[in-house]
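>>> task: produce atomic coordinates for the following.
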Amino acid sequence: MAKKLNERDTENIVRQHFQKDKLFKNITFEEQSSKNPRITKLLKNASKNGSGIGKPEFLISIDDEKDLLIVVECKADILKHESKNRDEFADFAVDGVLLYSSYLSKEYNVLSLAVSGVEKDNIKVSYFLQKTGLSDVEQIFGNKLLSLDDILAGFKQDEARKNEKYKELLEYSQILNEQLHKLKIKEDKRSLLVSGVLIALDNKDFYRDYVGMSSNKILSSALVEIIKEQLKTEDLQGDKIDRLMENYNFIATHPSLKKLQKSKELKTLRELINDIDENINGYVRTYKYYDVLGQFYIEFLRYSNSDKGLGIVLTPPHITDFFTDIVDIKTDDVVLDNCTGTGGFLVSAMKNMIDKCNGDSSQENSIKQHQLYGIEYQPEMYPLAVSNMFLHGDGKSNILSGSCFDEDIIKTIKTKKPTVGFLNPPYKSDKSDVEEFEFVLNNLECLEKKSLCVAIIPMSCALAQKGERLRLKEKLLSKHTLKAVFSMPNELFKNSKVGVVTCIMVFEARIPQPKNKKTFFGYFKDDGFFNKKTKGRFDYDNKWIDIKDTWLSLYFNNEEKVGFSKTKKVTAKDEWCAEAYMETDYSTLTQDDFQKVLKKYVAFNVLNDE
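Prediction:
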């Protein structure tokens with residue numbers, strides 16, 4: 001006689017699974033009902049039988065994720081896991097849990113978990129995600145019970161949610177910038193303060209004890225000492241630590257950080273550390289391998305003229321990620337950025353290489369310690385690059401301080417045999433400045449034969465047909481192959497308050513341009529981002545991923561598409577941009593397009609007194 005299936009057995013499997021979880025103490029685990037009045041109100045009419053209160057098997061709330069709710073429904077019979085139309089709410093696990101989700105998602109992001117079966121090694125599991133206020137339900141994960149860590153990791157890495165959290169981060173960067181301005185901390189010191197706090201918070205003892213330190217003076221001194229101790233643990237070579245500490249020592253001596261603030265409008269150092277931990281460190285822990293320091297550097301200096309004379313323009317993070325896709329980066333690549341800045345390209349390279357390691361920790365360590373190299377000339381940028389790599393687990397911090405044209409540095413880099421080159425060189429603002437193409441040539445010189453170099457530079461370089469830039473274009477083609485040029489959005493650097501129009505160039509190192517070689521030209525002017533006055537330029541409608549896939553498909557397939565791309569044989573004397581060779585698809589033009597162009601033309605004439 002077959003054993004009668006009992007739903008209590010299924011519930012016990014789920015209950016025991018979560019009770020054994022290491023994060024169990026950080027959750028509220030409720031059965032059938034909730035003490036949370038919001039949840040009770042939402043379930044008031046959610047009964048599976050059509051009327052009355054809904055009673056899920058389990059409701060799980062996580063302390064650090066106030067907007068996420070996990071709801072669980074169980075069935076003893078695996079055959080009762082999911083109906084064809086998901087509308088038999090009382091009889092099937094998936095149907096029932098999605099009914100609860102439809103009510104709870106009015107105020108929560110709901111992760112629905114349906115579990116069927118009474119044998120631990122033979123159960124059926126389905127996960128669904130329904131975001132707040134939306135009717136769409138997305139099935140995620142696989143057919144097994146996951147740890148809370150894995151559930152959170154999958155939930156947090158969702159692209160739309162990542163964008164949402166990034167917007168919150170940008171909003172906080174503006175708030176923090178205003179606070180530091182009131183404390184009279186100079187623009188070029190603000191990112192250093194943020195990086196120093198993040199480094200110190202990585203120390204468990206400091207993280208535990210800083211709140212109880214008796215005065216701001218003691219706290220500021222302790223903060224500097226902990227930064228030094230943390231850097232000592234990271235195998236930094238030579239005099240790197242002393243040079244870095246020269247930049248961080250201001251924290252212990254700055255009057256606004258040492259003294260207790262009497263005005264309620266001014267934050268104390270302890271309050272600043274609290275805020276940075278909550279708003280920045282929380283983001284860094286969740287979304288690993290992201291150049292947070294670079295984005296704060298942009299915000300802190302966007303109203304300052306201090307970097308414009310240096311030609312420093314930091315690359316937006318979606319473009320640094322795009323670079324890694326252009327070269328189809330591999331786990332065994334060795335990456336060089338000879339104009340490192342805050343390290344954005346190296347962080348993106350680290351992220352995408354590690355994503356492809358499939359959990360191989362030895363390979364991940366090799367990437368962090370032996371496959372990422374940078375060169376940074378500006379003394380105020382160098383500590384940001386080193387600390388950025390430190391915060392992302394790069395134990396060696398292979399960032400060289402000095403000029404990328406220094407022969408000793410070139411020799412050192414060549415011994416590492418880099419296979420991928422990325423750069424955004426300083427943009428020329430004076431006749432005496434180094435040409436952007438010189439930095440591209442320098443990067444290519446350090447790469448192994450047939451390696452790819454990707455550079456984002458002013459469009460004026462691509463258009464040059466005379467003078468020094470023409471000579472450098474000739475030199476590039478005599479030694480290397482121009483594989484592609486992408487015309488980028490005009491306002492790409494809007495957040496940096498820089499109006500330069502740029503293009504991305506892709507070169508194959510140490511292979512002279514073949515006579516019959518066609519170069520791919522992409523007209524990639526719309527990345528889905530747009531500008532809001534107080535929030536900056538951002539992917540508000542989550543269009544970037546699909547747009548990027550289209551760009552990459554055209555490039556990898558060397559495909560010509562009207563309005564988007566063209567292939568063309570070019571010489572140094574030609575213009576290296578899609579606009580010079582593309583056909584126009586006149587069938588897509590409307591009266592509105594014509595009016596917009598006229599308005600832009602009139603506005604241009606007014607602004608330029610013409």
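>>> my guess is residue 462 contacts residue 501. True?
No: Residue 462 is not in contact with residue 501 according to CB atoms under 8 Å; the separation is 10.0 Å. The way it works is simple: take the backbone N, C-alpha and C, and place the C-beta from them, glycine included.
>>> more neighbours, those two?
A count of neighbours by other CB atoms under 10 Å puts residue 462 above the other of residue 462 and residue 501, at 25 against 17.
>>> ok now do the more buried one, which residues does it touch?
When the contact criterion is CB atoms under 8 Å, 6 or more residues apart in numbering, the partners of residue 462 are 485, 503, 505, 575-577.
>>> repeat that for 10 Å
Counting by CB atoms under 10 Å, 6 or more residues apart in numbering, residue 462 touches 469, 473, 482, 485, 487, 501-505, 521, 574-580.
>>> return a ChimeraX selection command for the buried portion of those.
Applied in ChimeraX, the following selects the buried portion of the contacts of residue 462 according to 16 or more other CB atoms under 10 Å:
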select :469,473,482,485,487,501,502,503,504,505,521,574,575,576,577,578
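>>> which of the contacts of residue 462 fall within helices?
Members of those lying in helices (criterion: DSSP state H): 469, 473.
>>> any buried residues in stretch 454-470, and which?
Of the residues in stretch 454-470, those scored as buried under the neighbour-count criterion (16+ other CB under 10 Å) are 454-459, 461-462, 464, 469.
>>> strands along the stretch 101-250 of the chain, start to end?
Here the stretch 101-250 of the chain has its strands, by DSSP state E, counting those that start in this stretch, at 109-119, 122-130, 138-140.
>>> what of the stretch 451-600 of the chain?
Using DSSP E, counting those that start in this stretch, the strands of the stretch 451-600 of the chain run over residues 452-458, 481-487, 502-508, 519-523, 530-532, 536-538, 565-568.
>>> dump these to TSV, plus mean pLDDT.
Below are these laid out as TSV (pLDDT from 0 to 100):
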stretch	mean pLDDT
strand 452-458	98
strand 481-487	98
strand 502-508	98
strand 519-523	98
strand 530-532	87
strand 536-538	82
strand 565-568	97
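>>> residue 73 is nearest to which of these?
Taking CB to CB as the measure, those were each checked against residue 73, and strand 536-538 came out nearest at 37.5 Å.
>>> one step back: which one of the buried residues of stretch 454-470 is nearest to residue 132?
Looking at the buried residues of stretch 454-470 and their distance to residue 132, the nearest is residue 456, at 36.6 Å (CB to CB).
>>> show me what that closest one is bridged to.
With DSSP bridges as the criterion, the beta-bridge partners of residue 456 are residue 504.
>>> got a list of what it touches?
For residue 456, the set of contacting residues under the criterion of CB under 10 Å, 6+ apart consists of 313, 315-316, 319-320, 322-323, 345, 422-425, 427, 436, 486, 488, 492-493, 502-505.
>>> cool, and residue 323?
315, 329, 335, 337, 344-345, 348-349, 352, 420-424, 452, 454-456, 504, 506.
>>> give me the local confidence score for it.
We note a pLDDT of 98 for residue 323 in this prediction.
>>> what's the helix or strand for it?
Using DSSP states H and E, the element containing residue 323 is helix 317-326.
>>> where along the stretch 351-500 of the chain do the helices fall?
In the stretch 351-500 of the chain, helices defined by DSSP state H, counting those that start in this stretch lie at 361-370, 382-391, 407-415, 436-446, 459-463, 467-479, listed in chain order.
>>> what does the stretch 151-300 of the chain give?
Secondary structure of the stretch 151-300 of the chain by DSSP H, counting those that start in this stretch: the helices cover 159-182, 187-201, 204-209, 216-232, 240-248, 250-253, 255-258, 269-276, 282-286, 292-301.
>>> adding mean pLDDT, distance to residue 18 and mean neighbour count, write these out as TSV.
Supplementary listing: the helices of the stretch 151-300 of the chain in TSV, determined by pLDDT from 0 to 100; distance: least, CB to CB, whole Å; neighbours: other CB atoms under 10 Å:
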stretch	mean pLDDT	distance to residue 18	mean neighbour count
helix 159-182	81	22	16
helix 187-201	88	29	23
helix 204-209	88	27	13
helix 216-232	91	35	18
helix 240-248	86	43	17
helix 250-253	93	43	17
helix 255-258	87	44	16
helix 269-276	90	31	19
helix 282-286	70	21	16
helix 292-301	68	32	25
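>>> out of the ones you listed, the one nearest residue 590 is which?
That would be helix 159-182 among the helices of the stretch 151-300 of the chain, by CB to CB, at 30.0 Å.
>>> what about the strand or helix carrying residue 71, distance to the chain center?
Residue 71 is part of strand 65-75, with elements assigned from DSSP H and E. The gap between where strand 65-75 is centred and where its chain is centred comes out at 28 Å by CA atoms, centre = their mean, to the nearest Å.
>>> okay if I get the strands of the stretch 451-600 of the chain as a markdown table plus distance to residue 56?
Putting the strands of the stretch 451-600 of the chain into a markdown table (distance: least, CB to CB, whole Å) gives the following:
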| stretch | distance to residue 56 |
| --- | --- |
| strand 452-458 | 50 |
| strand 481-487 | 50 |
| strand 502-508 | 50 |
| strand 519-523 | 50 |
| strand 530-532 | 39 |
| strand 536-538 | 36 |
| strand 565-568 | 51 |
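>>> which of the ones you listed sits closest to residue 549?
Among the strands of the stretch 451-600 of the chain, the nearest to residue 549 by CB to CB is strand 519-523 (13.3 Å).
>>> so where is the stretch 501-610 of the chain shaky, pLDDT-wise?
For the stretch 501-610 of the chain, applying pLDDT under 70 flags the ranges 534, 584-589, 593-594, 596-597, 600-610.
>>> surely residue 524 touches residue 578?
Yes: the pair formed by residue 524 and residue 578 meets the contact definition of CB atoms under 10 Å, at 8.1 Å.
>>> okay, now the domains of the chain?
The record's domain parsing of the chain by automatic domain parsing lists 7-156, 160-286, 292-598.
>>> deepest of these, which one?
Burial among these, expressed as mean neighbours by mean count of other CB atoms under 10 Å, is greatest for domain 292-598, which shows a mean of 19.
>>> between the two ends of that domain, how far is it?
Length of domain 292-598, first residue to last, CA to CA, to the nearest Å: 39 Å.
>>> roughly how far out does that domain sit from the chain middle?
In terms of CA atoms, centre = their mean, the gap separating the centre of domain 292-598 from the centre of its chain is 16 Å.
>>> coming back round to it: between residue 462 and residue 501, what contacts are shared?
Both residue 462 and residue 501 are in contact with 487, 577, where contact means CB under 10 Å, 6+ apart.
>>> on that earlier part again, who touches both of residue 524 and residue 578?
By CB under 10 Å, 6+ apart, residue 524 and residue 578 have these common neighbours: 485-487, 503, 564-565.
>>> how about JSON lines for those residues, with distance to residue 558 added?
Conversion of these to JSON lines gives the following (distance: CB to CB, whole Å):
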{"residue": "485", "distance to residue 558": "13"}
{"residue": "486", "distance to residue 558": "13"}
{"residue": "487", "distance to residue 558": "17"}
{"residue": "503", "distance to residue 558": "18"}
{"residue": "564", "distance to residue 558": "13"}
{"residue": "565", "distance to residue 558": "9"}
